[in-house]
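Student: next come a sequence and a model predicted from it.
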Amino acid sequence: MSETVVYSARRIITMEPTQPHATHVAVRDGRILGVGGPDVAAAWGGGRLDDRFRDAVLLPGFVEAHSHMMTGALWSYLYCGNVDRIDPDGNLWPGIKTVDEMIERMKNALESLPADQPLVCWGFDPLFFEGDRLNRHHLDRASTDRPIAVMHQSFHLMTVNTKALDMAGYGPDTNAEGVARLPDGSLMGELQEMAAMFPVMRRLNLSMRELSKGEHAIQQYGKAAVQCGVTTATDLYADLEEEDVETLLRVTARKDYPLRIVPAYGVIGLEPRAAAERALALRARSTDMLRMGICKVMTDGSIQGFTARVKWPGYIGGQPNGIWNLEPARLKEMIVTLHAHGINMQVHTNGDEASDFVLDCFEEAMWKHPTGDSRHTLQHCQMAGEDQFHRAARLGVCVNLFANHLWYYGDAHAEFTVGPDRAARMNACRSALDNGVTLAVHSDSPVTPMGPLHVAWCAVNRITPKGRVLGANQRISVMEGLHAITLGAARTLKLDRDIGSITPGKMADFAVLADDPLVLAPEDLRDIKVLGTVQGGRVFTR
Amino acid sequence: MTPIPVTLIAGYLGAGKTTVLNHLLADTHGRRICVLVNDFGEIALDEDLIDNRSGDTVALSNGCMCCTIGNDFFAAIDRILRMDPRPEHLVIETSGVADPFKVGQIALAEPDLHLQGVITVVDAVNFGPSLADHYLGDTLRGQLAVAGLIVITKPDLVTPDELDSLRQTLTHLSPGTPRVVADHGRVPSEMLLEPMRVHIKRPDPAAHEHHHHDHGVDYRGWVWSGDARVTADALDGLLTAPVAGLYRLKGMVQLVDDSWCTFHRAGAQAERHPSPPPRLGKHGRAVGVGLSDRFDPADLDQVWAAVLQRS
C-alpha cells in the first residue's frame, strides 16, 4: 500500500467552509487523504509524521490563471528592472534605480557573453526610473560596438544603443511613428510598438515567441512557479502546435516537474469550427499535469497603450478609441461556435466596451446553445461597471481581474488614461464578489511579475506607488484575496474539482509560506516569504 | 538591395477586398506580387493558375504568390523578407478592423520595405450601416483617413443617388482622396500598385472642423489583356482617338512584325516606344483610367476593337 505522510504546520488555511483552519494534513498517492489535527490519519491506519513545515503556514497551491510560458525563459536575458526579482533558480536580482547601475550590470554581462551575441535586457520600466528617460547615449556607455536592446516591462517598447540602430538601418530619414527622437531631432534609441522594434529584432534574431517554446522554456516556467508558491499556471495564449504539445506532455510527465500547466489555445485568426475541433482533440489528450482544451480569445488592446476599446467618454486625453483584434462579427462567430462545441473560453477584454460586447456575445451564444455550466471568463475586465458584473453573474461568467495593474499602472490610469473616477473602479474585486461573480486575480506574467501574494495584496489594499488608495470601496479582505488566488482561480479554469482548496480527495498542492497572512497586517501580505510548494504530494523547496 | 514597395488594402469585412485581390493575383500585370492575406479560405484562386502550394504559401504560374499571415503578422513579414528572390511588390490585406496607420508603420520603419500607399475598399451597399455601428464607425473612419485611394465596390447594386451620397460621405471622411469605382471588383492593377499619397500623420483629435473644398476625383478603369498583334498605324490611331473622359491610357503590345512596344497617353500627350518583350506571361496588356462621370469603359472597348480590326 502507498505511504501516508502527515504534514504538520503552524496553520493550514484550507479555503473550505467546513474546516477553514487545520494543523495537519495527510497525503497519500499525491492526494489529500485527510485534514485536521495530529490524528488526521488515524482512521486510515496512521501515517508517517513529517514536521518540516511545522513553523510554516500551508495554503492551497496558488493558481495563476493568467500568465505566460515565457516567464521563465525570459531570464536568459539580462534583468534590468527596478524591483528586486528572484529568478527561476532562486537568485535575487536587486532592482536597478539609476543609469550607472544599469551600465555596470550590462558591462559585467557583456564580459561573459559570446562576441557574436547581442545583449538583450528586459524588465526595464521608465515609470520607475530616476533621471532622464533612457536613450541610446546611455546605452552606448556600456558598448558602442555590440548591439544592446533593452525591452521595457510593457513589451511594447524597447530602447537600443547606436550600434543596434545602425544595424536596423535607422537614420535621419526614418519617419516611422514609433521611432522616437531627442529634442534636437536625432534618434533617441527608444522604439515604440512592434512595427518600430521589428527591424531591430529581426537583425538581432530576437523572437519573443520562441521564448515560449521548447523544453527549456517549460523547465524554467516550472522553476519560476515554485519561487512564488504556484502549483498550477496557465499559458494563456498558446499555439499548441503538434511539436509543442508533445514537448509539453513529455516534460510535464517527469517525476520532478513541479507545475500543472493549463495552456489556453490561442484561436485568433483561425477558422472557428477548425479551432473548436482542435481544442476538443487537445482536451482528450490532457493529463493531470497538462490540462488542455480551453481557448483564449483576444478582443481589444491595453488601456495604458490606448488600444483598449472603452465606452464613452473614452480616454481623458482625447485619444481615439482602441482597436479590435478581429472584426466584432468574427469575434461573435468565434465565441458562439466555441460555446456550441462546449469549449471553455478565456476572453481578453481590457476596456469596458470590449467586456460589454463579449457579454453580448456570451448571451447570444447561450440563447442559441443553452448550457449549464459553461463558465467562460472575462480576462482583465479592468473597467467593468456594476452593470457588467451583475450581468456576468446572471450568465454564469467568471472574471479574472488584473489586480496588479492597480500598483503598476494605477497612478498612470488616474492621471493619463481614464481619470480618477474610472480608475477607482478598475479591477473592481468588491463589485465582482458582491454581485456573486466567481473571482480570480492575476499577474499576466511576464507583463507584471508572477507572484500571487502580490496580486492579492493589490486587491486587498489598492495602493499605488504615489500613495493613492485607488477606490477604497473596492478593497476586499485578506481571506477574499487569498481565495481569488486559490479556489477562485481554480474555478475560473474549471479545475476546482481537483485543486484550489485543501480537502480530502483533492490534489496535495500547497503553497508553503513563512508567515501567516491572517495574522499579519493586510499591508504586509506581499512581503510574506514563500518557502516552496508541495505539488501532487511532492515537495519543492526554493 | 532596393526596398520592396508595399501597398495595404484596408476595408471592413465584406467590403470586397478579397475580390479586388483575386483580380490582382490573376491579372497579367507582369509583376511578381506577393499578397499577404488573413486566410486562404476566401481567396478563390483559379486552380489552373496554381503552380504549387506549401503550407502558408501558394505560388502562381504568373510569378505571383499568396501567403497567409497565420498567427504572427511580423513573422509573416520576416518570411517574405527572407524569400529569394524577393517579391517585386508586397500587398497586405489588413483585417477589417485593422488601423492601416498602425499596420503601415512596419513599412515605414523597416528599411527593406517602402510604403507605397493605403487603399481602402468601401462597399457601396453596406458602408452606410457599418459607419453607423458604434463598435465599428470609428474604425472605418480611421481606415478612410489614411487612404491614398478609395475603391468603391458593388456600385451597380445602388441607385445613382445613393452612390452620390456615398461620394459625399467619402469626401467628408477622406478629403481629396481619389476614388475608383470597381466594376465587378475589377480595378486596373496599375492603379492599385502605383505610388499614391501616403497619409502618415494622424488627424489631430482636437481639430474636428474640416474646411476642405477638395472633393476628390472619381475614376473608372478599363483593362485589356490578350495575345493579339497590332499594326503601328492602328495603335497610333488609338493614341489620338477621341474617348470621352479618358485620363490615362497605357500598355504594352506585340506588333505584327513580332517586336514589342509600349504606349502611353495622358491628356494630349501620346507616345509609343519599342520595348523588350514582357518578362512574364508574354501577353499584351492595356489599361485605361477615366473620370467616372464622363468615362465609359465601353467606349474604350469599341475603340480597342477597332484597333484590332484594323491590324
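Tutor: Perfect, I can see it now. Values in this document were obtained by computation on a predicted structure and should not be read as measured data. Numbering: from 1, shown residues only, chains lettered A, B, ... in the order given.

Student: so who does the most centrally placed residue in chain A touch?
Tutor: Residue closest to the average C-alpha location in chain A (C-alpha atoms, centre = their mean): A:Asp444, at 2.4 Å. By C-beta atoms under 8 Å, 6 or more residues apart in numbering or on different chains, the residues touching A:Asp444 are A:66-68, A:236, A:380, A:402, A:404. Where C-beta positions appear, they are placed from N, C-alpha and C, glycine not excepted.

Student: apply 7 Å and report the result again.
Tutor: Going by C-beta atoms under 7 Å, 6 or more residues apart in numbering or on different chains, A:Asp444 touches A:66-67, A:402.

Student: mind putting those residues into JSON lines with secondary structure, neighbour count and distance to chain B?
Tutor: Listed next are these as JSON lines, based on DSSP: H, G, I helix; E, B strand; the rest coil; neighbours: other C-beta atoms under 10 Å in any protein chain shown; distance: C-beta to the nearest C-beta, whole Å:
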{"residue": "A:His66", "secondary structure": "coil", "neighbour count": "30", "distance to chain B": "19"}
{"residue": "A:Ser67", "secondary structure": "strand", "neighbour count": "26", "distance to chain B": "19"}
{"residue": "A:Phe402", "secondary structure": "coil", "neighbour count": "26", "distance to chain B": "23"}
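
Student: can you tell me the average pLDDT over the helix or strand B:Lys102 falls within?
Tutor: Element membership of B:Lys102, judged by DSSP states H and E, is helix B:100-109. Over the span of helix B:100-109, the pLDDT mean works out to 91.

Student: rewinding a little: how much space between the residue nearest to the centre of chain A and A:Asn350?
Tutor: Separation of A:Asp444 from A:Asn350 (C-beta to C-beta, to the nearest Å) stands at 11 Å.

Student: what of A:Ala472?
Tutor: 23 Å.

Student: swap in A:Tyr265?
Tutor: The value you get for A:Tyr265 to A:Asn350, if C-beta to C-beta is used, is 21 Å.

Student: which one's more surrounded, the two?
Tutor: A:Asn350 (28 against 25; other C-beta atoms under 10 Å in any protein chain shown).

Student: what kind of secondary structure is the nearest residue to that one once chain neighbours are set aside in?
Tutor: Excluding its sequence neighbours, the residue lying closest to A:Asn350 (C-beta to C-beta, 6 or more residues apart in numbering or on different chains) is A:Ala308, at 3.8 Å. Under DSSP: H, G, I helix; E, B strand; the rest coil, A:Ala308 falls in the coil class.

Student: residues contacting A:Ala308?
Tutor: Taking C-beta under 7 Å, 6+ apart as the test, what A:Ala308 contacts is A:300-302, A:322, A:350-351, A:354.

Student: show me what from chain B comes close to chain A.
Tutor: By C-beta under 7 Å from any C-beta of the partner chain, the part of chain B that sits against chain A consists of B:13, B:38-39, B:41, B:69-72, B:74, B:78, B:95-97, B:99, B:105-106, B:108-111, B:135-136, B:138-139, B:142, B:200, B:205-206.

Student: next, work out how far apart the residue nearest to A:Asn350 and A:Ile316 are.
Tutor: Relative to A:Ile316, A:Ala308 is positioned 13 Å away (C-beta to C-beta).

Student: equivalent analysis for A:Gly45, please.
Tutor: Distance from A:Gly45 to A:Ile316, by C-beta to C-beta: 66 Å.

Student: of those two, who's got more company?
Tutor: Using other C-beta under 10 Å as the criterion, A:Gly45 and A:Ile316 rank with A:Ile316 on top: 16 against 8.

Student: which residues in the stretch 1-150 of chain A form strands?
Tutor: A:4-13, A:21-28, A:31-36, A:48-50, A:57-60, A:62-64, A:78-79, A:85-86, A:92-93, A:119-124, A:148-152 (DSSP state E, counting those that start in this stretch).

Student: ranges for the strands of the stretch 351-500 of chain A?
Tutor: A:377-380, A:398-401, A:439-441.

Student: any idea which of the ones you listed gets closest to A:Thr232?
Tutor: Minimum separation from A:Thr232 across the strands of the stretch 351-500 of chain A (C-beta to C-beta) falls at strand A:439-441, 11.5 Å.

Student: before we move on, the earlier item: next, format the contacts of A:Asp444 as CSV and append pLDDT.
Tutor: Below are those laid out as CSV (pLDDT from 0 to 100):
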residue, pLDDT
A:His66, 98
A:Ser67, 98
A:Phe402, 98
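
Student: with distance to B:Val91 as extra columns, can I get these in JSON lines?
Tutor: Shown next, in JSON lines, are those (distance: C-beta to C-beta, whole Å):
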{"residue": "A:His66", "distance to B:Val91": "37"}
{"residue": "A:Ser67", "distance to B:Val91": "38"}
{"residue": "A:Phe402", "distance to B:Val91": "38"}
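
Student: got a list of what residue 16 touches?
Tutor: Chain wasn't specified; assuming chain A. Applying C-beta under 7 Å, 6+ apart to A:Glu16 gives the contacts A:501-503.

Student: ah, no, chain B please
Tutor: B:121, B:123, B:153-154, B:185.

Student: I'd like to know how far it sits from B:Asn22.
Tutor: To B:Asn22, B:Gly16 is 10 Å away according to C-beta to C-beta.
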